[in-house]
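S.K.: here is my input, please return the structure:
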Amino acid sequence: MQRFFLLIFLLGCVSNASAQNPAGQEPDFIVPSRPTVSNPAEFQKPGVLQLEFGFNSNFNAPGASSTYDFPLALRFAVSRRLLLEFDGDNPLSQTSAGVRTTGVGDTQLGVQFVLKHEKERRPGFSLAYYVKLPTASSAKGLGSGRVDQNFITLVSKKIGGTTVDFNASYLLAGRTSTSGHASSGQAALAASHDLTKRWGVQGEISGSSRNDEQPASLLLLAAVTYQVNKRVVLDSGVRAGLTHDASREGFFAGMTVGVADLYHRHHHN
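M.R.: Take a look at the predicted model:
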């Protein structure tokens with residue numbers, strides 16, 4: 001696994017050196033992927049290490065009356081075409097039958113590659129691969145204890161003042177009841193619109209088909225965003241479950257920060 005990500009990193013460095021700005025437009029310093037389920041097809045400026053973190057809560061879910069976690073993501077743009085990502089949900093806490101259980105959440109590693117940059121007459125198009133490492137305790141009921149793999153197609157297009165992101169994914173999850181893997185499909189459609197230079201709104205509908213013992217679900221999300229400056233964006237909002245087996249409601253808040261520009265060079269007069 002380490003050799004795989006090292007190879008991806010080196011390929012990205014080569015592509016960055018040979019094609020600094022293939023789309024003819026400088027990307028934003030940061031491009032938040034939270035709080036929606038879907039991710040944008042294109043990402044932040046090459047060399048920028050982007051940190052995303054926040055608070056997430058869900059209530060009235062089947063099997064657990066409430067869950068809380070603090071999602072954290074590190075997204076590094078190796079080049080205009082290549083992104084590496086690390087995700088973690090720590091700590092993770094859930095209440096079931098009046099008993100609260102807390103522990104470490106699962107860990108996820110991902111890579112995203114831009115096949116086509118967005119242009120005036122066509123959307124941006126990317127492919128991504130994520131692998132979930134089962135660091136959450138299955139004995140405590142905080143995780144499945146199995147490795148999951150997710151293959152994602154990402155499409156984004158700005159239409160007027162609104163940006164539309166669509167993700168479709170194929171999830172190959174380790175079964176919890178027997179050996180082997182179970183497959184399912186997931187999809188998410190999000191729209192974001194800037195109300196002013198700093199304030200924006202987002203909406204999303206997302207869903208997944210049944211996978212092993214995980215029931216199908218359909219969720220609706222609404223969020224408000226505030227851009228403090230080019231390096232910091234705040235977000236907050238609510239989500240609602242539209243199907244019987246999804247959490248009835250949830251609340252989230254967080255921020256995206258460009259913590260470092262690793263390719264930046266200081267010029268001296």
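S.K.: quick one: low-confidence parts of the chain?
M.R.: 1-25, 61-65, 97, 177, 212-213, 265-269 (pLDDT under 70).
S.K.: which residues in it form strands?
M.R.: 48-61, 64-77, 82-96, 99-103, 107-116, 124-133, 148-159, 162-174, 181-194, 199-208, 217-229, 232-241, 249-261 (DSSP state E).
S.K.: for residue 27, which of those is the nearest?
M.R.: Closest to residue 27 of the strands of the chain, according to C-beta to C-beta: strand 64-77, at 7.9 Å. (Glycine included, C-beta is placed from N, CA and C.)
S.K.: ok and the closest one relative to strand 99-103, angle-wise?
M.R.: Using axes from the mean of the first three to the mean of the last three C-alpha atoms, to 10 degrees, the inter-axis angle of strand 64-77 relative to strand 99-103 is 20 degrees.
S.K.: neighbours around the residue lying closest to residue 33 once chain neighbours are set aside, how many?
M.R.: Excluding the flanking residues, the one nearest residue 33 by C-beta to C-beta, 6 or more residues apart in numbering is residue 39, at 4.4 Å. Using other C-beta atoms under 10 Å, residue 39 has 27 other residues around it.
S.K.: could you pull up the residues touching residue 39?
M.R.: Residue 39 makes contact with 33, 112, 128, 152, 154, 165, 167, according to C-beta atoms under 8 Å, 6 or more residues apart in numbering.
S.K.: coming back round to it: what would the strands of the chain look like in JSON lines with distance to residue 140 and mean neighbour count?
M.R.: Formatted as JSON lines, the strands of the chain follow (distance: least, C-beta to C-beta, whole Å; neighbours: other C-beta atoms under 10 Å):
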{"stretch": "strand 48-61", "distance to residue 140": "16", "mean neighbour count": "18"}
{"stretch": "strand 64-77", "distance to residue 140": "12", "mean neighbour count": "19"}
{"stretch": "strand 82-96", "distance to residue 140": "9", "mean neighbour count": "19"}
{"stretch": "strand 99-103", "distance to residue 140": "5", "mean neighbour count": "13"}
{"stretch": "strand 107-116", "distance to residue 140": "16", "mean neighbour count": "18"}
{"stretch": "strand 124-133", "distance to residue 140": "17", "mean neighbour count": "18"}
{"stretch": "strand 148-159", "distance to residue 140": "18", "mean neighbour count": "17"}
{"stretch": "strand 162-174", "distance to residue 140": "17", "mean neighbour count": "18"}
{"stretch": "strand 181-194", "distance to residue 140": "22", "mean neighbour count": "17"}
{"stretch": "strand 199-208", "distance to residue 140": "23", "mean neighbour count": "18"}
{"stretch": "strand 217-229", "distance to residue 140": "22", "mean neighbour count": "17"}
{"stretch": "strand 232-241", "distance to residue 140": "24", "mean neighbour count": "18"}
{"stretch": "strand 249-261", "distance to residue 140": "21", "mean neighbour count": "17"}
